[in-house]
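Peer 1: Structure, please.
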Amino acid sequence: MTPEEIERYARHIVLREIGGPGQKRLLNAKLVCIGAGGLGSPALLYLAAAGVGRLGVVDDDVVSLSNLQRQIIHDTSAVGELKTTSAKRSLGRVNPHVQVVEHSYRLDETNVDALLSGYDLVLDGSDNFSTRYLLNAACVRAEIPLISAAMSQWEGQISIYDPARGGPCYQCIFPKAPAAGLAPNCAEAGVMGALAGVMGSMMAGEAIKQITGAGQVLRSELLIYDALFGETRKMKTSGRADCPICNPPE
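Peer 2: All right, here's what the predicted structure looks like:
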């Protein structure tokens, strides 16, 4: 590392669990975040600050005024602009040494595998079950760990789905999407803005641990945070023998 990098990342380097070798792994990491919204905003900002070498940002939406209550990577001047473009500008201000790659399109079956081929870790900050299931299946095929979080109103949840390394996949834990109306999105149900900061920061923390090997990641565990009452709890999770994604029939 250069003297400037040593100074920039000094507070990571002095951590016993990260040190110089862990910081070098961060500098060489290639991570893609699906969504530059409430969850992706804090996650991307902290990962850029941490020096992750390549950050991909996937989003086909534009910044709207109602986003700004929680999507802190964007500002008022970015309203109407592509979220990927706004995010890239903000990340460059945080750390100009990080390579930020814009993917200004919606994920689907035709592009998801090609996208993941350029990355070794995936953060899912999407807001719908169809994208989550699509991304989970692609990560299982590519044997890439998937850090997925979700939130609504005052509550958030996060886990790492990684069947290639002994954990369940997303569809093991959530076999079917809930019926219409049972899991409304943020526009319908509302969300406390700072909750996005908490859950997105947790995503960044899990990514840093996954990349550096520090501590224990949330593989085979689901962490739930209730901001209204200041409570957290964990649940053990396990794979399903009949999961069509990570345990398909022979």
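Peer 1: Could you check how far residue 186 is from residue 138?
Peer 2: Distance of residue 186 to residue 138, computed by Cβ to Cβ, to the nearest Å: 24 Å. C-beta here means a position set from N, CA and C on the backbone, and glycine is covered the same way.
Peer 1: How much space separates the residue lying closest to residue 38 once chain neighbours are set aside from residue 153?
Peer 2: Distances taken as Cβ to Cβ, 6 or more residues apart in numbering place residue 196 nearest to residue 38, at 3.5 Å, with adjacent residues excluded. In this view, residue 196 and residue 153 are 12 Å apart by Cβ to Cβ.
Peer 1: any low-confidence regions in this structure?
Peer 2: 180-182, 250 (pLDDT under 70).
Peer 1: Longest helix in it, by number of residues?
Peer 2: Scanning the chain for the helix with the most residues, using DSSP state H, yields helix 193-212.
Peer 1: Look at residue 196 and residue 153 and report which has more neighbours.
Peer 2: Counted by other Cβ atoms under 10 Å, residue 196 and residue 153 do not tie: residue 196 has more neighbours, with 26 against 15.
Peer 1: Now do the same contact list for that one.
Peer 2: 37, 38, 39, 41, 42, 70, 71, 72, 151 (Cβ atoms under 8 Å, 6 or more residues apart in numbering).
Peer 1: Without its sequence neighbours, what residue ends up closest to the spatially most central residue of the chain?
Peer 2: In the chain, the residue lying closest to the centroid (Cα atoms, centre = their mean) is residue 123, at 2.6 Å. Among residues not flanking residue 123 along the chain, residue 33 sits closest, at 4.3 Å (Cβ to Cβ, 6+ apart).
Peer 1: for that neighbour, helix, strand, or coil?
Peer 2: strand (DSSP: H, G, I helix; E, B strand; the rest coil).
Peer 1: Which of the contacts of residue 196 ranks first by neighbour count?
Peer 2: residue 39 (32 neighbours).
Peer 1: partner strands of the strand or helix carrying residue 232, parallel or antiparallel?
Peer 2: Using DSSP states H and E, residue 232 falls within strand 231-236. Strand pairing for strand 231-236, determined by DSSP bridges: strand 221-226 (antiparallel).
Peer 1: How far does the strand it pairs with sit from its chain's centre?
Peer 2: In terms of Cα atoms, centre = their mean, to the nearest Å, the centre of strand 221-226 is set 15 Å apart from its chain centre.
Peer 1: how about the helices in the protein?
Peer 2: Under DSSP H, the chain gives helices at 3-8, 10-13, 19-28, 40-50, 83-94, 112-116, 129-142, 170-173, 186-189, 193-212.
Peer 1: quick one: the longest one to chain centroid distance?
Peer 2: Yep, that's helix 193-212 we're talking about. 7 Å.
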